[in-house]
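1. I need the structure of the sequence given here:
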Amino acid sequence: MSIVKTIQEKINHLKKDEEKMYVGIQFEKQLNERVKELEILEQEIDKVLKAK
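-> Numbers count the residues shown, from 1 in each chain. Below you'll find the model as predicted:
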């Protein structure tokens with residue numbers, strides 16, 4: 001019985017780790033999108049400044 005309980009605990013722990021990784025990956029994707037948006041804005045600002 002204790003072996004089954006230990007295995008269940010390890011599975012639950014792995015599931016929690018997987019959830020954390022998924023959230024971390026989603027957060028990283030959002031950050032990358034923001035960085036791209038900022039780079040585009042920076043390019044647009046540079047164009048405006050060079051035009052003056």
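2. so how far is the helix or strand containing K47 from its chain's centroid?
-> Assigned by DSSP states H and E, K47 belongs to helix 2-51. Relative to the chain's own centre, helix 2-51 is displaced by 0 Å; criterion: CA atoms, centre = their mean, to the nearest Å.
3. That helix - what's its average pLDDT?
-> When pLDDT is averaged along helix 2-51, the result is 96.
4. and L41, how far is that from V23?
-> Remark: distance between L41 and V23 (CB to CB, to the nearest Å) = 27 Å. For every residue, glycine as well, the C-beta is placed using N, CA and C.
5. cool, D46 as well?
-> For D46, the distance to V23 - CB to CB - is 35 Å.
6. Same question for K10.
-> Distance from K10 to V23, by CB to CB: 21 Å.
7. now swap in H13 and tell me
-> 16 Å.
8. try L31
-> 13 Å.
9. Could you do D17 as well?
-> D17 is 11 Å from V23, by CB to CB.
10. Repeat that for V48.
-> Counting by CB to CB, the gap from V48 to V23 is 38 Å.
11. now do K16
-> 11 Å.
12. and if you look at Q30?
-> With CB to CB as the criterion, Q30 and V23 are 11 Å apart.
13. Kindly report the same for E39.
-> In terms of CB to CB, E39 sits 25 Å off from V23.
14. can you check K15 too?
-> According to CB to CB, K15 and V23 sit 13 Å apart.
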